[in-house]
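Chemist: Okay, sequence plus prediction incoming.
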Amino acid sequence: MRICVIGLRGIPDVIGGIETHCQNLYPRLAGLADDLEITVIARSRYARSGMYKGVRVRALWAPPWKGVETLVHTAVALLYARLFLHPHVVHLHGVGPGLFAPLSRLLGFRTVATHHAADYERPKWGPFARRVLLTGERLLAGFADEIVCVNENIACMLSRRYPRTRARAQVIRNGAPPRDSAAAADRSVLARFGLRPGDYILAVGRLEPTKGFHDLIEAFQQARPKGRKLVIVGSTLGDKGYSQALLHQQSKDIVFTGCQSPGTLQLLYENCALFVLPSSLEGSPLVVLEALAAGSPIALSDAPANLEFGLEPHHYFRVGDTAALAALLGRNDYDAQRPKQAAAILREHDWDEIARKHLLVFRRVLCTSAAPVLRPAPAPSVRQAQVAPRRRREQSPANIAQ
């Protein structure tokens, strides 16, 4: 079976949740069956053509323009697949590439699509871009043979908006990362950032408004936890104005490390006093699984995707509630924030089992007749589709810096 993967920037070691998901999934999938031939069509700005752990990577050109890069590359990738790869199954990732689910079907491919997050809710997109992304979700729902949702909230939302997806959609969550014992032994990384074990609060993610780092910085400045620093790990890829406003608040107690390797990240997780994820929008947050795997004390916003981990109530605070977060950060000890359910949660997020579930999806797509092309219901308006996070404040670079 030939599978062609489209919609991501590339693998390996490319920034992004979808990219990390694919880097963990497809090598495991390739190892499950000898008849699998998997090709990831990447973007040449981020990855090179070659082989990665049994997965072929083919890098193609994409325009370097925000809002256009993904769409153009998806169209080019589908045409390339038709002309040169002849896959049995195309696996599309994200609601943007979902816009091309009809083209994938028209070209004769069985089509699986993974819905990672409601990207149209991200503040960085204007009304037109949000409408395009909503249309992508609508076409994904109407034309994909099988739909994978990375959390229950997304599956329920699709079921409400597009009832005919119920027979084709299933939840397959992200997996927890394997532990790298060699990386954990090298503590020289901490010294490079002026850190000591247990003396810092950690946050990880791309510097964009939905990650809520402005709330975390405000809460940290209110709490002023004695002897502790705030460390934020993540790239500035995306909203440049927002990320620059955050970076201007760097000080001896607020440290931005930029993007770090998986080994360095593991070390930072394992030695932090507390891991915090203050986000308002998530798909299936890999960073929470990374923190759980490292044994970190954890505090999460009550965004729907975070609540699905099922931690005890004291691990959560309301989205945008900086007073509650400041009270938590101001404690002398965070041991109560170590999740008792960590081992059970990690067992439920095993990458090998996730790969087996995906293999069943691909086998089923090939063994059954093609799903009927459904007339998708009209896409909801941008206003209807946006679920305003509870007590979330509108943020601009100007008031972030205040």
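Modeler: Ah, there it is.
Chemist: Quickly list the domain ranges of the chain.
Modeler: Here the domain parsing of the chain from automatic domain parsing is 2-175+351-385, 181-346.
Chemist: Run a quick neighbour tally on the closest residue to Arg363 other than its chain neighbours.
Modeler: In space, and not counting its chain neighbours, Arg363 is closest to Met1: 7.8 Å by Cβ to Cβ, 6 or more residues apart in numbering. All C-beta spots, glycine's among them, are computed from the backbone N, C-alpha and C. Neighbour count for Met1, taken as other Cβ atoms under 10 Å: 16.
Chemist: Quick one: the domains of the chain as a markdown table, columns for mean neighbour count and mean pLDDT too.
Modeler: As requested, those are exported to a markdown table (neighbours: other Cβ atoms under 10 Å; pLDDT from 0 to 100):
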| stretch | mean neighbour count | mean pLDDT |
| --- | --- | --- |
| domain 2-175+351-385 | 19 | 93 |
| domain 181-346 | 19 | 93 |
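Chemist: How about Leu307, nearest residue that isn't a chain neighbour?
Modeler: With sequence-adjacent residues excluded and distances taken as Cβ to Cβ, 6+ apart, Leu307 is closest to Tyr316, at 7.0 Å.
Chemist: same thing with Arg130?
Modeler: Tyr120 is the one closest to Arg130 (Cβ to Cβ, 6+ apart), at 4.2 Å.
Chemist: The stretch 201-350 of the chain: strands as residue ranges?
Modeler: 229-233, 254-258, 274-277, 298-301, 316-317 (DSSP state E, counting those that start in this stretch).
Chemist: Show me the helices in the stretch 1-150 of the chain, by range?
Modeler: 17-30, 69-80, 101-106, 127-143 (DSSP state H, counting those that start in this stretch).
Chemist: nearest to Pro278, of these?
Modeler: With Cβ to Cβ as the criterion, Pro278 lies closest to helix 17-30 of the helices of the stretch 1-150 of the chain, at 16.5 Å.
Chemist: Quick one: distance of the closest one to the chain centre.
Modeler: Taking Cα atoms, centre = their mean, to the nearest Å, one finds helix 17-30 lying 12 Å from the centre of the chain it belongs to.
Chemist: which helices and strands sit right next to that helix?
Modeler: Secondary-structure packing of helix 17-30 (3 or more Cβ pairs under 8 Å, 6 or more residues apart in numbering; DSSP states H and E): strand 2-6, strand 37-43, strand 55-60, strand 89-93, helix 286-294, helix 351-367.
Chemist: Of all those, which one comes closest to Leu246?
Modeler: With Cβ to Cβ as the measure, helix 286-294 is the member of the helices and strands packed on helix 17-30 nearest Leu246 (16.9 Å).
Chemist: and the closest one, how far out from the chain's middle?
Modeler: With Cα atoms, centre = their mean, you get 13 Å for helix 286-294.
Chemist: what comes into contact with it?
Modeler: With contacts defined as Cβ atoms under 8 Å, 6 or more residues apart in numbering, helix 286-294 is touched by 17, 20-21, 174-177, 179, 202, 204-205, 265-266, 269-270, 275, 277, 298, 300, 306, 309, 339, 342, 345-346, 349.
Chemist: Spatially nearest residue to Arg339, not counting backbone neighbours?
Modeler: Careful, residue 339 is Pro and not Arg. For Pro339, ignoring the flanking residues on the chain, the nearest one in space by Cβ to Cβ, 6+ apart is Leu311 at 5.3 Å.
Chemist: and if you look at Glu37?
Modeler: Nearest residue to Glu37, sequence neighbours excluded (Cβ to Cβ, 6+ apart): Arg2, at 4.7 Å.
Chemist: picking up where we left off before, could I get the helices and strands packed on helix 17-30 in JSON lines, plus columns for distance to Phe128?
Modeler: Compiled in JSON lines, the helices and strands packed on helix 17-30 are given as follows (distance: least, Cβ to Cβ, whole Å):
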{"stretch": "strand 2-6", "distance to Phe128": "23"}
{"stretch": "strand 37-43", "distance to Phe128": "23"}
{"stretch": "strand 55-60", "distance to Phe128": "26"}
{"stretch": "strand 89-93", "distance to Phe128": "22"}
{"stretch": "helix 286-294", "distance to Phe128": "30"}
{"stretch": "helix 351-367", "distance to Phe128": "33"}
